[in-house]
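Enquirer: Coordinates only, no sequence provided:
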């Protein structure tokens, strides 16, 4: 009999695996009602060892995960902004929120060991999206120059960025605030350009819709407008007005801002570079070339610099990725899926007892 069973973690693992109560009950040989009772808080029924083992096998989580008494506060669904909510199944949404909760758990571990960048994300609720994009560029001293790396920019200003390894593009990206810390999760299946736009879109939610808003097309349109104006400021796009713009030139110009061809065409239309006829012609031509779903001459997908530095520091202390997974009681594939798969090479099996001890936390400094 285990004395520290945590019902919240059983529910989290079940939702992460997209299992219904009925499906999990069938896999472990229990009634749906009994599994439901095991998930109720406070803990009313302590599972015997064989039941705990069955849960661990069925959900592919270590038994220790269900016994961990660390406080695991759920992420309020109403505070989560999803990039493409209408395409998602309910099970996918619950699984994504569960990934967010695991991301918070990982961040808490990192935050206790490292001095991470402080949050510098102002509240722009009520501000028009294009004005908010200009304001944050001024706040973050970006001027009008192209943003070299969106993930690094977010991290420099205290946003915790994690990856999503979901085997679907229906879960594009999402963000939320938790304990005054902003989080962004990005799907690793997207192209580099679309992932950058997703990161900017989620920053728009964090700035414009802090701490939860009703979901809807208007809210998503605001975040899209913010992202377009952040990545492609009007001042840098407008000079191309009255110049010959065809699809070939768009494919060259998109590298100035590291955006997709479709995103650049739309922004050129919105700022007055393209006439309605030019816009429609380019959209048709781009569609024929498949540019709605792919990129020609695309850029590399961006990854986290903070996570890379953290994992390097941990490896120097003898803590490999596999050991970190053991320490957090999280499956290795789950951990690597949230950490941009950084650190899987040469993860090794260095003994945790060889880890160095220190009274001060390493400071991770990001550069522009």
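Expert: Thanks, I have it. Just so we're clear, the structure is a prediction, and the values are computed from it rather than from any experiment.

Enquirer: hey, let's count contacts and neighbours off CA atoms from now on
Expert: Fine.

Enquirer: Where does the prediction get shaky in this structure?
Expert: Across the chain, the stretches falling below the confidence threshold (pLDDT under 70) are 1-3, 71, 83-86, 167-170, 211-216, 343-368.

Enquirer: Kindly report the domain assignment for it.
Expert: For the chain, the structural domains run 7-72, 78-231, 234-288, going by automatic domain parsing.

Enquirer: JSON lines please, covering these and showing distance to residue 325 and mean neighbour count.
Expert: Output for these, formatted as JSON lines (distance: least, Cα to Cα, whole Å; neighbours: other Cα atoms under 10 Å):
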{"stretch": "domain 7-72", "distance to residue 325": "10", "mean neighbour count": "17"}
{"stretch": "domain 78-231", "distance to residue 325": "10", "mean neighbour count": "20"}
{"stretch": "domain 234-288", "distance to residue 325": "34", "mean neighbour count": "17"}
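
Enquirer: Let me know which of the ones you listed is the nearest to residue 330.
Expert: Closest to residue 330 of these is domain 7-72 (Cα to Cα; 6.5 Å).

Enquirer: what's the span of that closest one from first residue to last?
Expert: Across its full length, domain 7-72 reaches 10 Å between end residues, using Cα to Cα, to the nearest Å.

Enquirer: Now do that domain: distance to the chain's middle.
Expert: Offset of domain 7-72 from its chain centre (Cα atoms, centre = their mean, to the nearest Å): 26 Å.

Enquirer: try stretch 223-231
Expert: Here the centre of mass of C-alpha atoms in stretch 223-231, compared against the chain's by Cα atoms, centre = their mean, lies 18 Å away.

Enquirer: what does stretch 294-309 give?
Expert: Relative to the mean C-alpha coordinate of its chain, stretch 294-309 is positioned 13 Å out (Cα atoms, centre = their mean).

Enquirer: Now do the end-to-end distance for it.
Expert: 31 Å.

Enquirer: quick revisit: would you turn the domains of the chain into CSV with distance to residue 331?
Expert: Listed next are the domains of the chain as CSV, based on distance: least, Cα to Cα, whole Å:
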stretch, distance to residue 331
domain 7-72, 6
domain 78-231, 11
domain 234-288, 34
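
Enquirer: the longest helix in this structure is where?
Expert: Taking DSSP state H as the assignment, the helix of the chain that covers the most residues is helix 90-113.

Enquirer: re earlier: to residue 311, which of the domains of the chain lies closest?
Expert: Between residue 311 and the domains of the chain, the shortest gap by Cα to Cα is with domain 78-231, which sits at 9.8 Å.

Enquirer: Okay, now that closest one: how far is its last residue from its first?
Expert: This stretch, domain 78-231, spans 27 Å end to end (Cα to Cα).

Enquirer: picking up where we left off before, packing partners for the longest helix of the chain?
Expert: Taking 3 or more Cα pairs under 8 Å, 6 or more residues apart in numbering; DSSP states H and E as contact, the helices and strands that helix 90-113 lies on are helix 7-16, strand 160-164.

Enquirer: And the domains of the chain: which comes nearest residue 338?
Expert: If we rank these by Cα to Cα, the stretch that ends up nearest is domain 78-231, at 4.6 Å.

Enquirer: quick one: the strands in the stretch 151-300 of the chain?
Expert: Taking DSSP state E, counting those that start in this stretch to define them, one finds strands in the stretch 151-300 of the chain at 160-164, 173-178, 181-187.

Enquirer: Make CSV out of these and add distance to residue 21.
Expert: CSV is the format used below for the strands of the stretch 151-300 of the chain (distance: least, Cα to Cα, whole Å):
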stretch, distance to residue 21
strand 160-164, 24
strand 173-178, 25
strand 181-187, 26
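
Enquirer: I'd like to know which of the ones you listed lies nearest to residue 93.
Expert: Within the strands of the stretch 151-300 of the chain, the stretch nearest residue 93 is strand 173-178; the backing value is 10.0 Å (Cα to Cα).

Enquirer: Note down every partner strand of the closest one and its orientation.
Expert: Using DSSP bridges, the neighbouring strands of strand 173-178 in the sheet come out as strand 81-82 (antiparallel), strand 181-187 (antiparallel).

Enquirer: nearest to residue 269, of those?
Expert: Proximity of these to residue 269 was assessed by Cα to Cα; the nearest stretch is strand 81-82, lying at 26.0 Å.

Enquirer: Strand 173-178 and the longest helix of the chain, what's the angle between them?
Expert: 50 degrees (axes from the mean of the first three to the mean of the last three Cα atoms, to 10 degrees).

Enquirer: outside of helix 90-113, which residues touch it?
Expert: Applying Cα atoms under 8 Å, 6 or more residues apart in numbering, the contact partners of helix 90-113 are 12-13, 15-19, 72-75, 77, 80, 85, 160, 162, 164, 171, 178, 185, 310, 328, 338, 361-362.

Enquirer: one more time with 7 Å
Expert: Taking contacts as Cα atoms under 7 Å, 6 or more residues apart in numbering, the residues outside helix 90-113 that touch it are 12, 15, 16, 17, 18, 74, 75, 361.
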